[in-house]
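Peer 1: this one's sequence-less:
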C-alpha cells in the first residue's frame, strides 16, 4: 500500500477488508467504500467540505441521547428511512402499508384496557380512535398487541417534555376477540421535527421545511403475522404532499370525523375509524 493516490485508494481499502469472517459485512462495506469514494471523486470534495461533514456528524452524535435520535432524523430527511422501509416491507395487495418508524418510539409504554384514555393529560381536543385488526383473508386477529403514540396539539411528544411525569398520548393495548380495538386520545396535529440541531441546519440550508402532517403512530404485532409499523395520516393536512420525512402513503390517509356531544363523547371532539390488515408470516417450505 505504497504510493496510493485518488484512483488506487479504493482497491487498497477493498483489499484490506478481505479478511472479514462475515460475507454480508464484507459485501456491505465493499459497496459502501466504492460508492463513498466515487462520491468524493465525482463532486471533487475539498478538505474543508470533508471537515465540515465530520463536524456535522460529531454534532449529531453530541445531541443524540435516550430522548432524541439525531441520526434517525438525518436518515428520515434524506429519504433513507423510507427507502429501507419500502424495500423490506413489500406486502400483498390489501395489506396495510408500512412507513417510517420515527425517532419517538419508546419501550415500556403503559399497557391499558380497551376504551382507556391514553392522553393522560396531553394537550389537545378529545378524540376517539377505533378499528379492527384483520388477516389478509378477513379473519379477525384477536390479541394483537398495538402500540400507539402521538404528539400533543403543540407538536411535542411526551419524551420531549421531561418536566412532565409519566407517559402521555402513548400506550399499548390488545385487540379483542373480534379483532376490534378502541381508545380515547387527542386530535392529531401537524408538527415540525426537531430542527434546533444539525439536521435542522441542513434542512434550512437546502431550503426545506421541517414539518410533518398530522398522524398517529402504530406498531402492531401478533403471532403468525409480520410486525406492522405504520402511521395513519389526517386527511386535508397542508403537509401531506411535502412530509419532511417522506412517510405519507395515500392508503394511510383517513378522515377524522367531527363529533358533537351525545355521539361518541360527552363533549365536542373527533373520532377516527381505521382498520389494519396484517401480512401472514411466510412459512418455510417443508
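Peer 2: It's in. Everything quoted here is computed from the prediction, not taken from an experiment.
Peer 1: all strands of the stretch 51-200 of the chain, in order?
Peer 2: Assigned by DSSP state E, counting those that start in this stretch, the strands in the stretch 51-200 of the chain fall at 126-135, 145-149, 170-174, 180-186, 191-192.
Peer 1: residue 47: which of those is closest?
Peer 2: Checking the strands of the stretch 51-200 of the chain against residue 47 by C-beta to C-beta gives strand 191-192 as the closest, at 33.8 Å. Heads up, the C-betas are built off the backbone N, CA and C, glycines and all.
Peer 1: mind listing what the closest one pairs with, with the direction of each?
Peer 2: strand 211-212 (antiparallel) (DSSP bridges).
Peer 1: and the next helix or strand past the strand it pairs with?
Peer 2: Tracing the chain past strand 211-212, the next element assigned as helix or strand by DSSP states H and E is strand 215-221.
Peer 1: ok, that next one: who's next to it in the sheet?
Peer 2: strand 145-149 (antiparallel), strand 228-234 (antiparallel).
Peer 1: chain center to the last one: distance?
Peer 2: Here strand 228-234 is found 9 Å from its chain centre; the criterion is C-alpha atoms, centre = their mean, to the nearest Å.
Peer 1: relative to strand 126-135, how tilted is that strand?
Peer 2: Orientation note: strand 228-234 sits at an angle of 140 degrees relative to strand 126-135 (axes from the mean of the first three to the mean of the last three C-alpha atoms, to 10 degrees).
Peer 1: for the very next helix or strand once past strand 228-234, the distance to its chain's centre please.
Peer 2: Using DSSP H and E, the helix or strand that directly follows strand 228-234 along the chain is strand 253-254. Chain-centre distance of strand 253-254: 17 Å, with C-alpha atoms, centre = their mean.
Peer 1: which residues are in contact with strand 253-254?
Peer 2: 232, 233, 234, 235, 240, 272, 273, 274 (C-beta atoms under 8 Å, 6 or more residues apart in numbering).
Peer 1: so for the nearest residue to residue 222 once chain neighbours are set aside, what's the pLDDT?
Peer 2: The shortest distance from residue 222 to any non-neighbouring residue, by C-beta to C-beta, 6 or more residues apart in numbering, is to residue 144 (4.0 Å). Confidence at residue 144, expressed as pLDDT, is 98.
Peer 1: got it, and residue 180?
Peer 2: So, for residue 180, pLDDT stands at 98.
Peer 1: in the sheet, who's paired with it?
Peer 2: Judged by DSSP bridges, the bridge partners of residue 180 are residue 132.
Peer 1: what about it, neighbour count?
Peer 2: Counted with other C-beta atoms under 10 Å, the neighbours of residue 180 add up to 16.
Peer 1: can I assume it is in contact with residue 141?
Peer 2: No - Residue 180 is not in contact with residue 141 according to C-beta atoms under 8 Å; the separation is 10.1 Å.
Peer 1: and the contacts of stretch 25-32?
Peer 2: Applying C-beta under 8 Å, 6+ apart, the external contacts of stretch 25-32 come out as 14, 17, 18, 20.
Peer 1: residues near residue 63, how many?
Peer 2: The burial count for residue 63: 17, using other C-beta under 10 Å.
Peer 1: now do the helices in the stretch 1-150 of the chain.
Peer 2: 9-16, 23-43, 47-63, 70-77, 80-88 (DSSP state H, counting those that start in this stretch).
Peer 1: out of these, nearest to residue 131?
Peer 2: Per C-beta to C-beta, nearest to residue 131 of those: helix 80-88, 21.6 Å.
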